[in-house]
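Engineer: quick one: sequence plus predicted model below, questions after.
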Amino acid sequence: MALQISATNPEHPALLLELPWQVPLEQWPEDVLVPLPRGISRHIVRYARAGDEVIAVKELAERPALREYELLRDLDRLGIPAVDPLAVVTGRTGASGDPLESVLVTRHLRGSQPYRSMFETTMRPATMHRLMDALAVLLVRLHLAGFAWGDCSLSNTLFRRDAGAYAAYLVDAETGDLHPQLSDGQRDYDLDLARVNISGELLDLEASGALHPSVDPIEFGTEICGRYRSLWEELTRTSVYPAGEYHYIERRIRRLNELGFDVAEMQIDHATNGDTVTFVPKVVDAGHHQRQLLRLTGLDTEENQARRLLNDLESWIATQDDYDPSDPLGARPEVLAHRWVRDVFRPTVRAVPLELRGAMDPAEIYHELLEHRWYLSERAQHDIDLDIVVEDYIRNILPTARETLQPTTSD
């Protein structure tokens with residue numbers, strides 16, 4: 001059988017032909033390989049250069065190679081974070097004419113690392129929690145798309161920090177299956193595999209001395225199940241509420257924040273009987289919200305303030321008639337963000353008399369007003385307009401706050 005390269009891009013076969021397919025992957029010469037960290041795999045995997053591309057080459061039998069190639073293409077069409085499939089090479093033969101295994105070629109995910117290379121220096125538990133959160137988000141997204149992984153583990157995942165965000169990417173789809181929708185049993189099976197695999201991998205790290213002494217591998221394996229279930233519940237339950245009652249959106253965001261997830265994307269679908277809210281969370285690094293708010297609005301704030309203001313901005317943008325993310329001619333988020341600063345943020349802050357603000361900066365004042373609006377809306381069980389919130393805040397909250405901040409004197 002002649003060498004055959006099935007590729008997603010017509011340019012790739014010409015680039016791939018330059019590689020030594022007649023040599024077993026384990027024996028490829030150093031001059032074609034790229035020295036990048038590799039994770040543990042049941043197959044032989046090497047990184048190589050093909051033109052300007054850095055590619056990952058995995059040697060396996062023809063049928064699973066073709067199957068995984070198609071699954072990765074399906075995941076790409078669904079927008080799931082996974083490695084990018086480039087080609088499958090079949091019909092390989094050695095110098096003596098002996099058949100060689102087929103290979104799956106994927107694009108190297110720039111800036112990504114396998115989990116073992118991240119543990120070369122002892123990783124702090126807080127960072128580990130964030131990586132587990134990223135893996136839980138990936139597993140939820142896969143299940144929402146109807147993909148049963150069949151072997152969720154740290155070894156089958158790449159982690160990347162991109163613009164302040166932690167992200168997990170599927171790197172091995174060999175055992176996966178795509179369905180219109182997963183049953184609870186299929187999801188539970190995937191989750192149980194993840195728990196066992198992750199605990200086992202962490203126990204292996206513990207035995208090698210690469211795990212922080214305060215980390216319990218069994219507890220960490222169990223924790224990802226809890227994080228997954230909490231996130232799944234928050235993401236999949238439908239919230240339908242009367243139009244205009246946007247304090248319910250804030251309640252959902254707060255619950256996700258309490259779970260440790262920050263809402264980086266939010267979609268509000270308007271229906272005839274109310275509004276349905278769907279969240280896609282992203283695990284973000286310190287300072288992410290500061291940078292995002294500064295880029296969108298020019299406001300330079302503390303991180304917690306930025307998170308709070310961005311949540312309010314997202315909710316406000318979703319209510320604007322000229323905002324439609326699917327319409328290329330619609331108002332851009334940057335334009336709407338500056339409109340929010342001009343029409344909402346600044347007038348609200350300026351409504352609080354300068355002499356009553358004390359040492360609070362504008363971002364802290366707005367944060368305090370949002371907190372007060374949340375309290376008043378929850379108590380009234382409907383949205384309270386900001387102008388009413390400002391009046392109540394000035395009359396009932398600021399006097400008490402000023403008395404508390406006044407320095408005490410002694411006789």
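Structural biologist: The structure has been received and is ready for your questions.
Engineer: which of the three states applies to the nearest residue to residue 393 once chain neighbours are set aside?
Structural biologist: Among residues not flanking residue 393 along the chain, residue 372 sits closest, at 4.9 Å (C-beta to C-beta, 6 or more residues apart in numbering). C-betas here are computed from N, CA, C, even on glycine. Taken by DSSP: H, G, I helix; E, B strand; the rest coil, the conformation at residue 372 corresponds to helix.
Engineer: from what I can see residue 372 touches residue 398, true?
Structural biologist: No: counting by C-beta atoms under 8 Å, residue 398 is not a contact partner of residue 372; they are 10.1 Å apart.
Engineer: so where is the protein shaky, pLDDT-wise?
Structural biologist: Scanning the chain for pLDDT under 70 picks out 1, 11-13, 120-122, 161-166, 238-246, 257-286, 325-330, 401-411.
Engineer: can you map out the strands along it?
Structural biologist: Using DSSP state E, the strands of the chain run over residues 4-7, 45-50, 53-60, 84-90, 102-107, 112-114, 147-148, 157-162, 165-170, 177-178, 240-241, 262-271, 274-284.
Engineer: next, count neighbours for residue 297.
Structural biologist: 20 (other C-beta atoms under 10 Å).
Engineer: which residues does the residue nearest to residue 393 contact?
Structural biologist: By C-beta atoms under 8 Å, 6 or more residues apart in numbering, the contact set of residue 372 is 389, 392-393, 397.
Engineer: likewise for residue 157?
Structural biologist: Contacts of residue 157 were listed using C-beta under 8 Å, 6+ apart, and they are 115, 135, 138, 168-171.
Engineer: of those residues, just say which sits nearest to residue 42.
Structural biologist: residue 171 (12.6 Å; C-beta to C-beta).
Engineer: for stretch 334-343, buried residues please.
Structural biologist: 336-337, 340-341 (16 or more other C-beta atoms under 10 Å).
Engineer: max pairwise distance over these: which two?
Structural biologist: Between any two of the buried residues of stretch 334-343 (C-beta to C-beta), the greatest distance is 9.9 Å, for 336 and 341.
Engineer: that older thread, any chance of the contacts of residue 157 in JSON lines, plus distance to residue 18 and neighbour count?
Structural biologist: Formatted as JSON lines, those follow (distance: C-beta to C-beta, whole Å; neighbours: other C-beta atoms under 10 Å):
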{"residue": "115", "distance to residue 18": "32", "neighbour count": "24"}
{"residue": "135", "distance to residue 18": "36", "neighbour count": "24"}
{"residue": "138", "distance to residue 18": "34", "neighbour count": "22"}
{"residue": "168", "distance to residue 18": "33", "neighbour count": "25"}
{"residue": "169", "distance to residue 18": "27", "neighbour count": "18"}
{"residue": "170", "distance to residue 18": "28", "neighbour count": "23"}
{"residue": "171", "distance to residue 18": "25", "neighbour count": "21"}
